[in-house]
Structure formats: structure tokens, C-alpha cells
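Visitor: pasting a predicted model and its sequence here:
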Amino acid sequence: DAKTTQPPSMDCAEGRAANLPCNHSTISGNEYVYWYRQIHSQGPQYIIHGLKNNETNEMASLIITEDRKSSTLILPHATLRDTAVYYCIVRVHSSNTGKLIFGQGTTLQVKP
Amino acid sequence: DAMVIQNPRYQVTQFGKPVTLSCSQTLNHNVMYWYQQKSSQAPKLLFHYYDKDFNNEADTPDNFQSRRPNTSFCFLDIRSPGLGDAAMYLCATSNPLGGGDEQFFGPGTRLTVL
């Protein structure tokens, strides 16, 4: 699985959009980009994933560059409850099992 | 609500005393995972079950074992806990045959070794 690089920490004002970048320059053609987050003292939570097209769900949007070497997770209106560690993970979307290799992630602090 | 349940949430054991952590799920997912997360680190996969097939990660110490008696339950056994085994232990499930690839995590069990 390709490795990812994320900034260790970011701040965001409550109500503003939070844009979390991720670099994955060695991504392969069959690898997807996944985002999970982990709120303090809780288990990780799946957010979104995508291959090459932009994706949106009720939690966030995922923007993947055309060359697929980087992506951005967007939380459109961050709240204090979005304060968490956000993990960008690249892996093959498989019909078999798929282990998650977590990097260090980005600690997002949403401030009032 | 369907969910992944871990009991207990906090476990204290003594150095060298065997301990078992449990995980149950109401999602009817066929894959179950155990991750270890040490303080200020990212979760690290120990092993997983695909149905009854056990898959160990190459660098998981022999001190860690697992059992899955049925679809709903999975146990993590630490035979002789050391101080370095103090961590949060996370259970997760997934249902690749159902088309979904995301993993659903429980709240974790925080293990303290005295």
C-alpha cells in the first residue's frame, strides 16, 4: 500500500470549512483514498473514500487531484465535535479483507 | 442500533497475568480485526479473522492470541502481559461480501499493566 503524508496539526474556526490535505505520490492505479477520524478516547470512524472522482457524503467531501497524487478532505462547516485526528489511508479496495495501515494523521483542532 | 461492543472499557491486569479482552458485534459482518494503539500513536493491526480463517500480522508477538467462536464474538488473549502491552485495544468489523469496504470500530478497551 502506498504511503501518505499529512500535516501533523491544523486549526480551524468553528463554522468555517476545514480543508485537510494528504499527499500520496506513490499511489497505484487500483488504490483508493480512504479517510477515517478518531475523536479522543473513541475508536476510529470511517468518513469517506474515493478512487479518482470527487466524492461527497453527509459528513464530508473528498477532492482528488487529476494525477491522484494528493487529495483534500473538506468538512464544510466545522463544529467543535469535529476536533479529532484525521487519517488519510491509501489501499486497494478489495472484495477480500483490507487491512488499514494508519499513518500519524492530522490533529484538527476546531476553535470557537 | 447495530454496533461493535467491547468489554470491558477499562481493564487492569498484573505483569505476567493472562488477560482476555472481548468484542461482540450485531452487524453480522464476516471480518473482525484487532488493533493495538499505544499512547500518542496510530492504531496498528495485530490480526484479523475472515469468517473462521485467522490471519496474523507478521510482526505480532506470540504473546497475543485470538479466538472467534462464532460470527458475533472475537476475543483477544494476552498470555503474559508486559508493561509494553499497555495500550488501547480496538476491535473492528467489515463486510466486504456485502459490498462495503469500510471498517466499523468499537470504542476500545484500555489496558493497564501494573
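Guide: Sure, I can see it. Numbering: from 1, shown residues only, chains lettered A, B, ... in the order given.
Visitor: got a list of what whichever residue of chain A sits closest to chain B touches?
Guide: Using C-beta to the nearest C-beta, the closest approach of chain A to chain B is made by A:Gly43 at 3.1 Å. Just so you know, the C-beta spots here come from the backbone N, C-alpha and C atoms, and that holds for glycine as well. Shown in contact with A:Gly43 (C-beta atoms under 8 Å, 6 or more residues apart in numbering or on different chains): B:4, B:90, B:92, B:105-108.
Visitor: now the strands for chain A?
Guide: In chain A, the segments counted as strands under DSSP state E are A:9-13, A:18-23, A:31-38, A:45-50, A:55-56, A:61-64, A:70-75, A:84-92, A:106-111.
Visitor: coming back round to it: any idea how far A:Lys3 is from the residue of chain A closest to chain B?
Guide: Distance of A:Gly43 to A:Lys3, given as C-beta to C-beta, to the nearest Å: 23 Å.
Visitor: before we move on, the earlier item: give me phi/psi at the closest residue in space to the residue of chain A closest to chain B that isn't next to it in sequence?
Guide: Ranked by C-beta to C-beta, 6 or more residues apart in numbering or on different chains and with sequence neighbours excluded, the top spatial neighbour of A:Gly43 is B:Phe105, at 3.1 Å. Main-chain dihedrals, B:Phe105, degrees, to the nearest 10: phi -100, psi 150.
Visitor: likewise for B:Pro18?
Guide: Dihedral angles (degrees, to the nearest 10) for B:Pro18: phi -60, psi 140.
Visitor: let me see the contact set for the closest residue to it other than its chain neighbours.
Guide: With sequence-adjacent residues excluded and distances taken as C-beta to C-beta, 6+ apart, B:Pro18 is closest to B:Arg79, at 5.5 Å. Contacts for B:Arg79 (C-beta under 8 Å, 6+ apart) come out as B:18, B:63-65.
Visitor: save those as CSV, and put in pLDDT too.
Guide: Output for these, formatted as CSV (pLDDT from 0 to 100):
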residue, pLDDT
B:Pro18, 96
B:Asn63, 96
B:Phe64, 97
B:Gln65, 97
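Visitor: check chain A and tell me which residue is nearest its centre.
Guide: A:Trp35 (3.3 Å; C-alpha atoms, centre = their mean).
Visitor: quick check: bridge partners of that one?
Guide: Beta bridges link A:Trp35 to A:Ile48, A:Cys88, judged by DSSP bridges.
Visitor: report pLDDT for it.
Guide: We have a pLDDT of 97 for A:Trp35.
Visitor: thought A:Ile63 was touching it, still the case?
Guide: No. In this structure, A:Trp35 is not within contact of A:Ile63 by C-beta atoms under 8 Å, at 11.4 Å.
Visitor: just send the strands of chain A back as CSV, with distance to B:Ser40 too.
Guide: Shown next, in CSV, are those (distance: least, C-beta to C-beta, whole Å):
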stretch, distance to B:Ser40
strand A:9-13, 13
strand A:18-23, 19
strand A:31-38, 12
strand A:45-50, 19
strand A:55-56, 30
strand A:61-64, 27
strand A:70-75, 22
strand A:84-92, 10
strand A:106-111, 10
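Visitor: show me what residue of chain B gets nearest to chain A.
Guide: B:Phe105 (3.1 Å).
Visitor: roughly how far apart are A:His77 and A:Ile39?
Guide: 17 Å.
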